[in-house]
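> pasting a predicted model and its sequence here:
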Amino acid sequence: MEEDLKDIDLIDRYLSNELDEQQQQVFKNRYLNDPEFKKEVEAYQKIYEGIEKAGRDSLKQRLEGYYNEYIDEDLSIEEDHKIIPISKWRSNMLVISGIAASVLLVAFGIWYFTLKETAPSQQVAQAPNHTKIDSGSKQGQYAGTKNNPSTTAPVKKSNPTLPVSKGDQYGLTDRGKVNTVQVLSVLRPGLWAYTFKDGLLSIYNNPSLGMIRLHVFKTDDQYNLWYDGDVYRLRPTASIQTLIKTGQSEDFGTKTTETIKVQVEPLQASANTSNNLTVRLQKGDEGKYFFQTEKNKLILELQGNFVPADCKVIDVKTPDSHNWYLVYKSTVYALDEKNIDPTRLKELSGLSSEAARLFMKRELVTVPVYARK
Amino acid sequence: MTETQIIDELKKGNENYLKYLYSFLPDVRRFTRQNNGDEEDAKDLLQDAIISFYENLRTGKYLQNNLKGYLLTICRNKWFDKLDKLKRQANKIKDIISINEEAEEDRQFEFRMQQRSLSEYLQDALNKLGEPCKTLIEATVYLKIRMEQVAQDYGYADAHSARQQKLRCLKRLKGYTSYEHIINLI
C-alpha cells in the first residue's frame, strides 16, 4: 500500500466492515487518541453516506427514463426458452410510413433474389426489428458472409464511390434510410479549439482535460479561459475556433454569481472525414472484424449487431503511430490493422483505457465565472 | 427477452435492461388497487423494488430464480410498511396539538431539503471527479461490488491495483471538500 493511502485504506476497510478483530482494535485506538484521524473518519463516513444516496438518487432518475422506454416500447418478458411471437413485428410494421414500407418492399425483392439460401420470411421479419434487443439475436442470420462468394449484393446508390458491402441489406434501417459507416481521422495532439455561444463553452481536441484545473474569468466584458496557469481568450463564436494563448497568470480573480456551462467534447467531435478506409458491415451476433487490402485500398470487414448510423471508425494519428478505433454509441473497440483473419472485437473500458475515455461523451458541467481587474 | 437474459445483462452492468422489469407493473397495479393504493403508488413501489433488486443483484445477494415473485414480495412488504406507518402517524396526530404538528412538518421539510443536498453535493463532486473514478466509486461504494469483480469487469491487472485506484479517487474526492463543509450536509 502506498504510504499516503494507508489511512484511507484503513478507513475504507472500517466503513466497509472488513476489519478483523485485531485491526478493529488498532482502528479504535487511533480513533480515540488522534483527533485528526477522528475527523478524517467522520468526513469519509459522510462521503460514503453521500455516495450511496447519490448513487440511489441517480439510479432513480435513470429509472424514470427506463420507465418511459417501457411505455414507448411495450416491452415484455418471455418465459425462458420461448420463441418471440411474430405479433410484435407486425405492430412495428404498422407504424412504418408508406414510403419506408415501399422501400422495404423493394429491398425485400432484392434480398429475395440475392439471398435465396436462407428462409426469406425470417429475413423480412428481421429488417424492421433489428434495433430491438429482444429479436436481434434470435432469428435468422443474413447470408452473404465472406465464406459465401455466390452472394451478390445490390448496388448502393447513395455513395457510388464506396465498394458495396456484402452486408448491405443491413444498411436499411427501420426508417427506410440507407446508412453507411462513417470513417474519421484525427491528429493527436491537436490544437485546442472551442465554440462559445449562449453561455455554453464547448472545448474540442482536448477530451481528457481536467475540469478541476479549468476556470473561466472575466476582465471587463472579455471572457478568458484559465487552465493550469495559462490564459486563453474566449470570443463569442458559433463556429469552431482555435484557442489562442494570451499569457500566463496564477490569478483568475474572485468568484461571481454568474455561471456558464462547459462541455468537453469527445475526440470524434473534431475529427475529419477520411477516405483511407472502406468499412463493410454485416450483421452477426458475435462482434468480429479483420482488415484486408483490395486494389491497394484498405478494407475493414466488420460483423456485429450494429446500427450503421451509430458506428464510427476513427483513425487516431500521432506523430509516430496510428490506431483504429470503432466507436459504437458509447462503446469503444480497438481495431488492430495487423488482424487479417476474423478477430473478436475487443472492447475498451473507460475505466481502464485512456484511449476509450477520449471518445466518451462527458457530462455538461456548470462552472462559476470569476472576475479579475 | 427472457428473465435469464435480463439477469445476465444486468450482472454485466448493462443497466438499461432494467426497463424490462416495468413489465411487472400491471401486477403491482392490481395489488395496490386491491389495497387502497393508486397507479402512482404502484409505479413508486415498483421503482423502489427495482432499486433493491438491482443493488442486491450487483452485490451478489440475489440468489432467487423467480424475479417476478421476488419483486412483488418487496412491493408487498414496502406497501404494508407504509400503511402501518400512516396508521401510526394518524394515531399520533390525534394526540398532538396542531402547532406541534406544523413544527414537525417544518422540521421534516428542512430535513428533506438538507437530505437532498448531501446527495446532490456528491453527485456534483463525482461528476467533477470524472471517469474512471466516478464509475469505480459507484461500483465499489454504492453497489459494493467485490474488488476482484471490479478488476475483472473494468480491466485492472488485479484486485489490488483496482483498490489502489479506488483509494486514490476517494482521496481526490475528499480533497474537494472540508470537514466543516461535509459534516454539516445531511
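That came through, no problem.

> next up, identify which helix or strand the residue in the stretch 51-200 of chain A that chain B sits nearest to is on.
Residue of the stretch 51-200 of chain A nearest chain B, by CB to the nearest CB: A:Gly55 (3.1 Å). The way it works is simple: take the backbone N, C-alpha and C, and place the C-beta from them, glycine included. Using DSSP states H and E, A:Gly55 sits in helix A:35-73.

> other SSEs contacting that helix?
Under the contact criterion of 3 or more CB pairs under 8 Å, 6 or more residues apart in numbering or on different chains; DSSP states H and E, helix A:35-73 touches helix A:6-15, helix A:21-33, helix B:39-59, helix B:98-129, helix B:159-175, helix B:179-183.

> as a markdown table, those helices with distance to A:Ala371, mean neighbour count and mean pLDDT would be great.
Formatted as a markdown table, those follow (distance: least, CB to CB, whole Å; neighbours: other CB atoms under 10 Å in any protein chain shown; pLDDT from 0 to 100):
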| stretch | distance to A:Ala371 | mean neighbour count | mean pLDDT |
| --- | --- | --- | --- |
| helix A:6-15 | 36 | 18 | 92 |
| helix A:21-33 | 44 | 12 | 92 |
| helix B:39-59 | 43 | 19 | 91 |
| helix B:98-129 | 22 | 15 | 69 |
| helix B:159-175 | 25 | 18 | 92 |
| helix B:179-183 | 23 | 14 | 87 |
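
> run a quick neighbour tally on the residue of the stretch 51-200 of chain A closest to chain B.
Number of residues near A:Gly55 (other CB atoms under 10 Å in any protein chain shown) recorded here: 22.

> contacts only, for the residue nearest to it when sequence neighbours are not counted.
Leaving aside its chain neighbours, A:Gly55 sits nearest to B:Tyr142 (3.1 Å; criterion: CB to CB, 6 or more residues apart in numbering or on different chains). Taking CB atoms under 8 Å, 6 or more residues apart in numbering or on different chains, we find B:Tyr142 in contact with A:Ile51, A:Glu52, A:Ala54, A:Gly55, A:Arg56.

> so the first one touches B:Val141, yeah?
Yes - in terms of CB atoms under 8 Å, A:Ile51 counts as a neighbour of B:Val141; the distance is 4.5 Å.

> state whether A:Arg233 is indeed within a strand.
Yes - checked against DSSP: H, G, I helix; E, B strand; the rest coil, A:Arg233 lies within a strand.

> test my guess that it contacts A:Asn224.
Yes - counting by CB under 8 Å, A:Asn224 is a contact partner of A:Arg233 at 5.9 Å.

> which one of these two is surrounded by more residues?
More neighbours surround A:Asn224 than the other of A:Arg233 and A:Asn224, with 21 against 14 (other CB under 10 Å).

> who touches the more buried one in this structure?
Contacts of A:Asn224 by CB under 8 Å, 6+ apart are A:Val216, A:Phe217, A:Lys218, A:Val231, A:Tyr232, A:Arg233, A:Leu234, A:Thr246.

> do you know how far the second one is from A:Leu209?
By that I understand A:Phe217. 17 Å (CB to CB, to the nearest Å).

> mind checking which of these two has more residues around it?
With neighbours defined as other CB under 10 Å, A:Phe217 and A:Leu209 compare such that A:Phe217 has more, 23 against 18.

> still on that earlier bit, now, among the contacts of B:Tyr142, which is nearest to B:Asp8?
Within these, proximity to B:Asp8 (CB to CB) peaks at A:Gly55, which comes in at 22.3 Å.

> how much space separates the closest one from B:Lys11?
For A:Gly55 relative to B:Lys11 (CB to CB), the value is 17 Å.

> could you say which helix or strand contains A:Ala356?
Assigned by DSSP H and E, A:Ala356 falls in helix A:354-358.

> show me the contacts for the residue nearest to B:Trp79 when sequence neighbours are not counted.
For B:Trp79, the nearest residue in space outside its immediate sequence neighbours is B:Leu45; the separation is 5.9 Å by CB to CB, 6+ apart. Counting by CB under 8 Å, 6+ apart, B:Leu45 makes contact with B:Val28, B:Thr32, B:Gly37, B:Cys75, B:Lys78, B:Trp79.

> redo that, cut-off 10 Å
Contacts here follow CB atoms under 10 Å, 6 or more residues apart in numbering or on different chains; on that basis B:Leu45 touches B:25, B:28-29, B:31-32, B:37, B:71-72, B:74-79, B:82.

> out of these, which are buried?
Buried members of the contacts of B:Leu45, counted by 16 or more other CB atoms under 10 Å in any protein chain shown: B:25, B:28-29, B:31-32, B:37, B:71-72, B:74-76, B:78-79.

> the spatially most central residue of chain B and B:Leu18, how far apart?
Centroid check for chain B by CA atoms, centre = their mean gives B:Ile51 as the closest residue, at 5.0 Å. For B:Ile51, the distance to B:Leu18 equals 9 Å [CB to CB].

> list the residues that contact both of those two?
Common neighbours of B:Ile51 and B:Leu18, counting by CB under 10 Å, 6+ apart, are A:Leu59, A:Leu63.

> sorry, back to before: settle this for me: the residue of the stretch 51-200 of chain A closest to chain B is touching B:Glu138, isn't it.
Yes - assessed by CB atoms under 10 Å, A:Gly55 is found in contact with B:Glu138 at 5.3 Å.

> common neighbours of these two, please.
Common neighbours of A:Gly55 and B:Glu138 (CB under 10 Å, 6+ apart) are B:Leu126.

> contacts for stretch A:29-44, please.
The contact list for stretch A:29-44 (CB under 10 Å, 6+ apart) reads A:7-8, A:10-12, A:14-15, A:27, B:170-171, B:173-174, B:177-183.

> returning to what we had before: please name whichever of the contacts of A:Asn224 scores lowest on pLDDT.
Lowest pLDDT within these is found at A:Thr246 (87).
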